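Participant: Build the 3D model from these lines:
(2 chains)
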Number of protein chains: 2
Amino acid sequence: MKELRRISVIGIGLLGASITLSAKREMPSVRVVGYSHRADTRRKAREYGVAHEIADDLSGAVEQSDIVILATPIQTFAEYFRQVAPVLKAGCIVTDVGSTKTLPHRWAAKMLPKNIFYVGSHPIAGSEKRGLEFARDDLLTGARCIVTRTKKTDPVSSQQVEQFWKRLGCKVHSMTPAQHDRLFGMVSHLPHLTAVSLVNSCSAEDMKFAGKGFIDTTRIASGPANVWADILLTNPRNCVVGIDKLIKQLWAVKQAISKQDAKKIEKFLTQAAQKRAEMIQHKIDQNELF
Amino acid sequence: MKELRRISVIGIGLLGASITLSAKREMPSVRVVGYSHRADTRRKAREYGVAHEIADDLSGAVEQSDIVILATPIQTFAEYFRQVAPVLKAGCIVTDVGSTKTLPHRWAAKMLPKNIFYVGSHPIAGSEKRGLEFARDDLLTGARCIVTRTKKTDPVSSQQVEQFWKRLGCKVHSMTPAQHDRLFGMVSHLPHLTAVSLVNSCSAEDMKFAGKGFIDTTRIASGPANVWADILLTNPRNCVVGIDKLIKQLWAVKQAISKQDAKKIEKFLTQAAQKRAEMIQHKIDQNELF
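Facilitator: The predicted structure follows:
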């Protein structure tokens, strides 16, 4: 395993700055560099001391780094890959924290030279707050992190990225970008689309009578629109498949209700309650709840 | 307003027993009678002292009562109306706590004689726990209660039922059963169908990777299947309308994602986030949160 001397995080919002803070704490021998294209964010990042160094330009941020981590919107990755490609030192590992992984892998293969090694990452950590002032050096502690690789991914670099997240306290899982995007299409992007669609189905007047059930079911619909548009637009096929699956279920229960098929309705409800109970038990067993 | 001397609650689960306990506390001059068709529940009800008297048969429970409250499954109401009709004293008010109201009104009109006055009620109170051992005399404090009436409903009885719930601490709203079932079809039954359909769309294996978003969005899918089947089966038309509205939204966002229509997707997400923020603000203003 290559020794890390310098890592750079591009984009220092809540997650990016939590990574720099965690790296500062857990890797005392590593120089941690941050960069934002916004002058105001760079000023705040210096004020809060989230990294050893806040670079004023992208080239300065990434040159000589062993690992470069993109923590910007997914749709900016292709352009960042293009810009950093000529500046990165040979053997540099590039990764990212995007919530979808197929397109980042495709863009990296196209934009980065052969002597730069791209590995995908998706640390599942966040907060309802936004901005580096809410960054925490323990945000990643105990969080799952998916590391994605294809047949073309350099195995040593993939291991190094896994090691990096483990050192920050993450529980690492490895899979292909296609597996990742299918899986999170179902358990993350589809629930978001569902919550948003449910709110948009109801009138504001009706929602005054909403109870705790409605409030919980739609909580994630309050997430930041720009972040979610970025996710949905970069995982279109899996979102479409997920929506089709959900519509199929809704259609089936609608038929059962129309036909007053009590047995089918009870089965439909019981199946969901049981599956959810098993999920909760799994989470408790894995120490992932509370 | 008629003076209350005796009230009877038929069905003494968590909600029924919370009503008897609250009535005992708030109406010291009223004799509170409970009844369950299950011997074991009657035994427990006596042990916990949830009412002044636990009747051993239905006739004994309801005769001479001023208000009879059904707190049994909605689909049992027609049969209870039929059984109590010959026993009730003239002028008795019958109400219920069912989560749907159109069918109870229809059944009451058919089964109860002219000198018995039916008014619908839907106190929005409950717990994730079930059974009278979890009943509380403050479960109804601050809860909304919808009282439903049609043109045929006796206005004095309707007022008396509203007064009854207010004395137990409820915030009372009055509407027609049709308005009630349309409204709760959207903000309660549709969210339930949505959560259940979402769980049933996902595989148990995928759900191991579910995060907090999925867990919250599907929380209500863990509700009791028999209670929810009873609700859905007695509000079929509004459930179907709600499902159709949701499918229309899902279809629209699916089209936007397929076409990579970033503007439309952002608008869809922003609209939901704003509507939900307004709802939360309304709840805070009304002291209905926390």
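
Participant: Now do stretch A:146-159, average pLDDT.
Facilitator: What stretch A:146-159 shows for mean pLDDT is 98.

Participant: Go through that stretch and flag the buried ones.
Facilitator: Neighbour-count burial for stretch A:146-159, with 16 or more other C-beta atoms under 10 Å in any protein chain shown as criterion, is recorded at A:Ile146, A:Val147, A:Thr148, A:Arg149, A:Thr150, A:Thr153, A:Asp154, A:Ser157, A:Ser158, A:Gln159. Heads up, the C-betas are built off the backbone N, CA and C, glycines and all.

Participant: for the fourth one, what are its contacts?
Facilitator: Contacts were defined as C-beta atoms under 8 Å, 6 or more residues apart in numbering or on different chains; by that measure A:Arg149 touches A:Val119, A:Gly120, A:Pro155, A:Ser158, A:Ser174, A:Thr176.

Participant: So which of these are in helices?
Facilitator: Residues of the contacts of A:Arg149 located in helices (DSSP state H): A:Pro155, A:Ser158.

Participant: what residues does the stretch 51-200 of chain A put near chain B?
Facilitator: A:124, A:144, A:183-184, A:186-188, A:190-200 (C-beta under 8 Å from any C-beta of the partner chain).

Participant: Walk me through the domains of chain A.
Facilitator: According to automatic domain parsing, chain A comprises the domains A:6-175, A:180-259.

Participant: what about the first one, how long is it end to end?
Facilitator: Just to be clear, that refers to domain A:6-175. 27 Å (C-alpha to C-alpha, to the nearest Å).

Participant: which residues of chain A score low on pLDDT?
Facilitator: By pLDDT under 70, the weakly predicted segments of chain A are A:1, A:290.

Participant: what ranges do the helices span in it?
Facilitator: For chain A, helices defined by DSSP H occupy the ranges A:14-26, A:39-48, A:58-62, A:77-84, A:102-111, A:155-167, A:177-184, A:190-201, A:204-207, A:212-217, A:225-233, A:236-258, A:262-285.

Participant: what's the most buried one of those?
Facilitator: Highest mean neighbour count of those: helix A:190-201, a mean of 26 (counted as mean count of other C-beta atoms under 10 Å in any protein chain shown).

Participant: And for that helix, what's in contact with it?
Facilitator: Contact with helix A:190-201 is made by A:207, A:214, A:217-221, A:223, A:228, A:231-232, A:239, A:242-243, A:245-246, B:186, B:190-191, B:194, B:198, B:201-202, B:213-214, B:217-218, B:242, B:245-246, B:248-250, B:253, B:268-269, B:271-272, B:275-276, as judged by C-beta under 8 Å, 6+ apart.

Participant: Would you mind getting the angle between it and helix B:262-285?
Facilitator: 70 degrees (axes from the mean of the first three to the mean of the last three C-alpha atoms, to 10 degrees).

Participant: follow-up on the earlier one: among the buried residues of stretch A:146-159, which pair sits farthest apart?
Facilitator: A:Ile146 and A:Asp154 (17.8 Å; C-beta to C-beta).

Participant: Not counting sequence-adjacent ones, nearest residue to the residue nearest the centre of chain A?
Facilitator: Centroid-nearest residue in chain A, with C-alpha atoms, centre = their mean: A:Ser99, separated by 3.2 Å. Of all residues not flanking A:Ser99 in the chain, A:Ile231 sits nearest, at 4.8 Å (C-beta to C-beta, 6 or more residues apart in numbering or on different chains).

Participant: Isn't that neighbour up against A:His189?
Facilitator: Yes. Under the criterion of C-beta atoms under 8 Å, A:Ile231 makes contact with A:His189 at 6.1 Å.

Participant: right, and A:Gly142 touches A:Lys166 too?
Facilitator: No. With contact defined as C-beta under 8 Å, A:Gly142 does not count as touching A:Lys166 (11.7 Å).

Participant: and for those two, which residues touch both?
Facilitator: By C-beta under 8 Å, 6+ apart, no residue touches both A:Gly142 and A:Lys166.

Participant: Save the domains of chain A as TSV, and put in distance to B:Asp56 too.
Facilitator: What follows is the domains of chain A, written out as TSV (distance: least, C-beta to C-beta, whole Å):
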stretch	distance to B:Asp56
domain A:6-175	54
domain A:180-259	36
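
Participant: mind checking which of the ones you listed is nearest B:Ile54?
Facilitator: Of all the domains of chain A, domain A:180-259 sits nearest to B:Ile54, with 30.8 Å by C-beta to C-beta.

Participant: List just the nearest of the buried residues of stretch A:146-159 to B:Arg6.
Facilitator: A:Ile146 (64.0 Å).

Participant: hey, what's that closest one bridged with?
Facilitator: Applying DSSP bridges to A:Ile146 yields these beta-bridge partners: A:His122, A:His173.

Participant: I'd guessed A:Lys24 sits against A:His52; true?
Facilitator: Yes. Look at A:Lys24 against A:His52 with C-beta under 8 Å: they come within range, at 6.9 Å.
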